[in-house]
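S.K.: from the sequence below, what's the structure:
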Amino acid sequence: MSLAASHKKLAKLLVDKGLGVPAVFLLENMKPFSVVAQQTLYAATPLAIFGGFQSLHKDAAGLFESRETMEEMLLEVERLMEVDDE
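M.R.: So this is what the prediction gives:
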């Protein structure tokens, strides 16, 4: 399974802004709640469409789709942090 381009872009943005460590902390803590987070985002779909955030909402729901996706996002953020340190 490969990480979506939008998730790679988000990981790069987080690391570039210096938010790599908080992102890793948040993602690690959200792993057990990934199913609940995804279902909550899907329930909020009508609000996202109404507010004009459909593409962002779709990407966020995709991130919480499975624990494997979250793990891949974690690995990408950690990889980018290592590259940034060098």
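S.K.: using the three-state scheme, assign residue 39.
M.R.: Secondary structure assignment for residue 39 (DSSP: H, G, I helix; E, B strand; the rest coil): helix.
S.K.: which parts of stretch 73-86 are buried?
M.R.: Buried residues in stretch 73-86, counted by 16 or more other Cβ atoms under 10 Å: 73-74, 76-78, 80-81. Where you see a C-beta, it was placed from the backbone N, CA and C, and this is true even at glycine.
S.K.: please disregard the earlier target; I meant stretch 47-59.
M.R.: By neighbour count, with 16+ other Cβ under 10 Å as the criterion, the buried positions of stretch 47-59 are 48, 57, 59.
S.K.: report the helix or strand with the lowest average pLDDT across this protein.
M.R.: Lowest on mean pLDDT, DSSP states H and E among the helices and strands of the chain sits helix 54-63, with a mean of 79.
S.K.: tell me which residues are up against that helix.
M.R.: The set of residues that contact helix 54-63 without belonging to it, under Cβ atoms under 8 Å, 6 or more residues apart in numbering, is 4, 6-7, 10, 38, 41-42, 44-45, 48-49, 69-70, 73.
S.K.: just the buried members of these?
M.R.: The neighbour-count test (16+ other Cβ under 10 Å) marks 4, 7, 10, 38, 41, 48, 69-70, 73 as buried among these.
S.K.: would TSV of those residues with distance to residue 85, secondary structure and pLDDT be doable?
M.R.: As requested, these are arranged in TSV below (distance: Cβ to Cβ, whole Å; DSSP: H, G, I helix; E, B strand; the rest coil; pLDDT from 0 to 100):
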residue	distance to residue 85	secondary structure	pLDDT
4	25	coil	84
7	21	helix	88
10	20	helix	88
38	32	helix	84
41	32	helix	83
48	36	helix	84
69	25	helix	88
70	23	helix	88
73	19	helix	92
